[in-house]
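Asker: Have a look at this prediction, sequence included:
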Amino acid sequence: MSCKIAPSLLAANFGCLREEINRVNDSEADWLHIDVMDGVFVPNISFGFPVMEYIKELSKKPLDVHLMITDPAKFINEVKDSGAYIMNVHYEACLHLHRTIQQIKECGMKAAVTLNPHTPVILLEDIIRDVDMVLIMSVNPGFGGQKFIENSIEKVSRLKELILRKNSSALIEVDGGINLETGKKIVDAGADVLVAGNSVFRASDPVEMISKLKML
Ligand SMILES: O=C(CO)[C@H](O)[C@H](O)COP(=O)(O)O
Ligand SMILES: [Fe+2]
């Protein structure tokens, strides 16, 4: 079974967002990955809900929304209204993660928890059956185009073991520095979904690159 691919719009040319989204629409991509940053949780600001409303109108792919913001629980309704299919909240940004996950699901979205590179997988032991997906950051969040952190491979293997041991149906998504080489290693370790920004949008043929990543 091939993995799912979620191109990250952060690496797109924002001057021609419609064309960039249409490229993804015409591809074998499964989801469109949307990075929201607040300049507090991460040292960068991307875009917010008005831009997401526009993306929602244009995208034919379900939106995989990665919130790099403090206290994401405050914005569950806004994220839902902006068209999210799945809402990813950072473990490090949630004081009451269990409650937040329940609220996301009650709102009708899939719920995912995201781990920074320094956050160990074992901290998910008591929530792994409640989440639809775990997003492993394979770079420090905040910027596209960074180098893949090799330790993420072992981390994905440990997460896969935890999921099997706990009888969880959570998917494993990996985000940051994914290309054909790092993507292959991470899929072999157990990843189900690959986020790819620069390797897709800076490729000479983004649609072809998505197909190649999907075949890993
Ligand atoms: O969450 C992110 C950054 O914080 C992005 O999704 C990620 O960096 C994707 O970009 P690239 O594939 O170019 O590394
Ligand atoms: Fe992301």
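Answerer: Great, that's in hand. Ligands and ions are numbered 1, 2, ... in the order given.
Asker: after the helix ranked longest in the chain, next one along is what?
Answerer: For the chain, the longest helix by residue count, based on DSSP state H, is helix 151-165. From helix 151-165 onward toward the C-terminus, using DSSP states H and E, the following helix or strand is strand 171-175.
Asker: quick revisit: got the buried residues for the longest helix of the chain?
Answerer: By 16 or more other CB atoms under 10 Å, the buried positions in helix 151-165 come out as 152-153, 155-157, 159-160, 162-163. Using the backbone N, CA and C atoms, a C-beta is placed for each residue, glycine as well.
Asker: Just give the nearest non-adjacent residue to Val36, would you?
Answerer: Closest residue in space to Val36, ignoring its immediate chain neighbours: Leu67 at 5.1 Å, by CB to CB, 6 or more residues apart in numbering.
Asker: The one you found falls within a helix, correct?
Answerer: No: counting by DSSP: H, G, I helix; E, B strand; the rest coil, Leu67 is located in no helix; its state is strand.
Asker: Please name the bridge partners of it.
Answerer: When assigned by DSSP bridges, Leu67 has beta-bridge partners Val36, Val89.
Asker: So which of the buried residues of helix 151-165 is the closest to ligand 2?
Answerer: Sorting the buried residues of helix 151-165 by how near they are to ligand 2, with CB to the ion, puts Ser152 at the top with 13.5 Å.
Asker: Can you get me a residue count around the residue in the chain positioned nearest to ligand 2?
Answerer: The nearest approach of the chain to ligand 2 comes at His66, 3.7 Å away (CB to the ion). When neighbours are defined as other CB atoms under 10 Å, His66 has 28 of them.
Asker: Next: Ala84.
Answerer: Using other CB under 10 Å, Ala84 is surrounded by 26 other residues.
Asker: got a pLDDT number for it?
Answerer: Looking at Ala84, its pLDDT is 98.
Asker: And for the one 3 residues further on?
Answerer: Per-residue confidence at Met87 stands at 98 (pLDDT).
Asker: and the helix or strand hosting it, anywhere near ligand 1?
Answerer: Here Met87 sits within strand 84-90, counting by DSSP H and E. No: shown here: strand 84-90 not in contact with ligand 1 (CB under 6 Å from any ligand atom), separated by at least 9.1 Å.
Asker: what residues does that strand touch?
Answerer: For strand 84-90, contacts defined as CB atoms under 8 Å, 6 or more residues apart in numbering pick out 31, 34, 41, 52, 62-68, 72-73, 76, 79-80, 97, 100-101, 104, 109-116, 132-133, 135, 141, 173.
Asker: With just CA atoms, put it into PDB.
Answerer: Extracted in PDB, the C-alpha atoms of strand 84-90 (Å, rounded to 0.1, in the frame of the first residue of the first chain):
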ATOM      1  CA  ALA A  84      -9.800  21.800   8.000                       C
ATOM      2  CA  TYR A  85     -10.200  18.000   7.600                       C
ATOM      3  CA  ILE A  86      -7.600  17.300  10.200                       C
ATOM      4  CA  MET A  87      -6.400  19.600  13.000                       C
ATOM      5  CA  ASN A  88      -2.800  19.100  14.200                       C
ATOM      6  CA  VAL A  89      -1.900  20.600  17.600                       C
ATOM      7  CA  HIS A  90       1.500  20.600  19.200                       C
END
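Asker: report the angle between the axes of that strand and strand 171-175?
Answerer: Inter-element angle recorded for strand 84-90 and strand 171-175: 70 degrees (by axes from the mean of the first three to the mean of the last three CA atoms, to 10 degrees).
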